[in-house]
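Colleague: what follows is a predicted structure for the sequence shown.
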Amino acid sequence: KESGEDTDVERTRPPPVKVLSGQLRAAGNWGTADSGAGCVIRLGRGRSLPVSLVWMQGTVLEVQQDRDTVLLMDETGTFVVQGVNNIPKGKPCLSQGKYVMVMGIIQAVSPEPVIRAVKMADLSELAALHRRMWKLEVDDLQQVLA
């Protein structure tokens, strides 16, 4: 494989969609995880948006390194992030109370959303600003995409 060459899956996967955990919890049309079908989130006014690769933000509530997971909470509820031990530069994110960004692939939506992490970043330094802006960013992007 030459450098710069993506796998077919990466090439065909749409860019990440910014979502809130509550939207995933209320989502429908769950595909199989290996098909990468993801789910469909409802945006109101009869509009919906299919998602599989998501971008989420939240505060770390609990780190379970033996289970390779962290529990995060955003303003709409909690969600689980798997595969955190393999994320490059992910270690700084694995502390209770940190405000982090996660990009990942939806594994499940109920009873609680589960995301397999592809990338994580610590946003704690400007957490107040990120937290305030996040819902607006989510709404803004979803309006454009729907």
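Modeller: Happy to help now that I have it.

Colleague: C-alpha only now, for contacts and for neighbours.
Modeller: Noted.

Colleague: please, where are all the helices along this structure?
Modeller: Assigned by DSSP state H, the helices in the chain fall at 8-12, 21-25, 127-145.

Colleague: these: which one's closest to Thr78?
Modeller: Minimum separation from Thr78 across these (Cα to Cα) falls at helix 21-25, 6.6 Å.

Colleague: can you dump the C-alpha atoms of the closest one in CSV for me?
Modeller: Taking C-alpha atoms only, helix 21-25 is exported to CSV below (Å, rounded to 0.1, in the frame of the first residue of the first chain):
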residue,chain,number,x,y,z
SER,A,21,-25.6,11.7,22.4
GLY,A,22,-29.4,12.3,22.8
GLN,A,23,-29.7,12.4,19.0
LEU,A,24,-28.1,9.0,18.7
ARG,A,25,-30.2,7.6,21.5
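
Colleague: can you give the contact residues for that helix?
Modeller: By Cα atoms under 8 Å, 6 or more residues apart in numbering, the surrounding residues in contact with helix 21-25 are 39, 41-42, 56, 74, 76-79, 109-113.

Colleague: what bits of this protein have low per-residue confidence?
Modeller: 1-13, 28-37 (pLDDT under 70).

Colleague: distance to Met120 for the contacts of helix 21-25 - can I get that in TSV?
Modeller: TSV is the format used below for the contacts of helix 21-25 (distance: Cα to Cα, whole Å):
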residue	distance to Met120
Cys39	22
Ile41	23
Arg42	26
Met56	10
Asp74	15
Thr76	20
Gly77	19
Thr78	17
Phe79	14
Val109	20
Ser110	22
Pro111	23
Glu112	20
Pro113	17
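
Colleague: which among those end up buried?
Modeller: 39, 41-42, 56, 74, 78-79, 109, 112-113 (16 or more other Cα atoms under 10 Å).

Colleague: so of the residues you listed, which ones are in strands?
Modeller: 39, 41-42, 56, 74, 78-79 (DSSP state E).

Colleague: ok, back up a step: let me know the closest of the buried ones among the contacts of helix 21-25 to Pro15.
Modeller: Using Cα to Cα, Met56 is the member of these that lies nearest Pro15, at 13.1 Å.
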